[in-house]
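S.K.: A structural model of the following input is requested.
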Amino acid sequence: MATSLLTTVLAWLSVVAFLSGVLVHRRDERLGRYLTAAAWAVFGVFWGTLIPHFWYAKASFIEAGLAAVAIPACVYTGYLLLSGRESLLVLSRAIAIMGVLYLPATTLDALFEPLIEIVTLQAKWGIELLGYQPTVVENEAGVRSILLFNPGTDAARSTEILLACTGLGSMSILAGLILAVDASPDRKAKALAVSVPVIWVLNFVRNVFIAAAFGGQWFQVFVPQVVGVFGATGTSPELASYYIADKILAQSASVVALVGILLLVLRFVPELKTVVADVLYLVTGDEYDLGGRKPPRGGMRADGGDPDGE
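M.R.: Down below sits the predicted model:
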């Protein structure tokens with residue numbers, strides 16, 4: 001489902017602000033820090049506008065919870081940056097790159113429609129390997145993105161592949177992190193070559209699992225429990241399989257998979273440990289030495305490299 005115009009505007013404004021802050025910092029460090037801190041504040045508001053969308057439109061308590069946590073996290077990040085934690089410019093640069101890679105696909109039909117149709121056809125092929133025969137049909141916009149099971153019967157059920165189902169978001173996150181640090185081009189290329197295909201494959205498995213679980217009604221034995229958690233299924237008990245497959249199992253597995261892929265990427269681009277250390281500091285308030293020595297508070301280099309230049 002589409003998000004609000006306000007959310008879209010805030011997303012673009014955040015990316016522009018991050019890009020401006022990172023670029024200005026090269027000429028004027030003080031002004032660059034202020035601009036980037038402001039970008040974090042706008043980014044926090046952006047996540048706040050997504051909470052109703054995740055909770056009501058998508059019925060995803062995991063995504064809604066993460067969006068709620070992101071609000072104070074973004075404000076705190078901006079505060080730390082203003083307080084002198086220069087290493088957070090690496091994470092800021094990564095978010096700017098993520099936005100440049102992902103946002104155009106959310107607004108340009110020529111980009112996201114072919115991508116969605118390709119992913120839909122791939123999911124259909126995977127589902128057929130499981131013994132089902134879904135039909136691909138067009139949505140209201142004319143995009144062939146709907147997998148229809150048992151067409152023309154009382155047991156007809158459909159699953160639509162959206163942009164969020166393409167894995168582009170996760171790919172943009174990893175690509176942004178990889179491209180943001182100061183590492184050699186060949187190591188960055190290797191990290192991208194490892195992470196992007198893995199995300200594509202895992203996303204393919206995810207789409208096949210969700211569509212087949214709903215179409216085949218795999219988890220209907222849990223209808224009472226799902227109704228208790230997601231009240232919306234009270235009038236449509238058949239949605240229980242979809243909620244369990246997508247909102248609980250697939251989304252939880254996606255978080256674990258993304259962390260695992262990040263650990264794999266760290267083997268090629270250890271400079272990313274700077275970003276990981278910053279995230280851990282934001283969460284726990286403690287410094288972590290992930291590269292063999294404990295960095296002084298606020299003393300990491302802005303390019304993600306060793307504070308002593310090694």
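
S.K.: export stretch 236-244 as CSV, just CAs?
M.R.: Extracted in CSV, the C-alpha atoms of stretch 236-244 (Å, rounded to 0.1, in the frame of the first residue of the first chain):
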residue,chain,number,x,y,z
SER,A,236,-11.1,-13.5,7.5
PRO,A,237,-9.7,-16.6,9.3
GLU,A,238,-8.0,-17.7,6.1
LEU,A,239,-5.5,-14.8,6.5
ALA,A,240,-4.0,-16.6,9.5
SER,A,241,-1.5,-18.5,7.3
TYR,A,242,-0.5,-15.2,5.6
TYR,A,243,0.1,-13.4,8.9
ILE,A,244,2.2,-16.2,10.4
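
S.K.: pull out the buried positions in that stretch.
M.R.: Neighbour counts over stretch 236-244 (16 or more other CB atoms under 10 Å) mark Leu239, Ala240, Ser241, Tyr242, Tyr243, Ile244 as buried. Bear in mind the C-beta positions are built from the backbone N, C-alpha and C, glycine included.

S.K.: and the helix or strand harbouring Val136, average pLDDT?
M.R.: Val136 belongs to strand 135-138 when elements are defined using DSSP states H and E. Confidence over strand 135-138, taken as the mean pLDDT, stands at 91.

S.K.: what packs against it?
M.R.: Counting contacts by 3 or more CB pairs under 8 Å, 6 or more residues apart in numbering; DSSP states H and E, strand 135-138 is packed against helix 109-129, strand 144-149.

S.K.: circling back: can I get the buried residues of stretch 236-244 in JSON lines including secondary structure and distance to Ala183?
M.R.: Below are the buried residues of stretch 236-244 laid out as JSON lines (DSSP: H, G, I helix; E, B strand; the rest coil; distance: CB to CB, whole Å):
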{"residue": "Leu239", "secondary structure": "helix", "distance to Ala183": "45"}
{"residue": "Ala240", "secondary structure": "helix", "distance to Ala183": "46"}
{"residue": "Ser241", "secondary structure": "helix", "distance to Ala183": "44"}
{"residue": "Tyr242", "secondary structure": "helix", "distance to Ala183": "41"}
{"residue": "Tyr243", "secondary structure": "helix", "distance to Ala183": "41"}
{"residue": "Ile244", "secondary structure": "helix", "distance to Ala183": "40"}
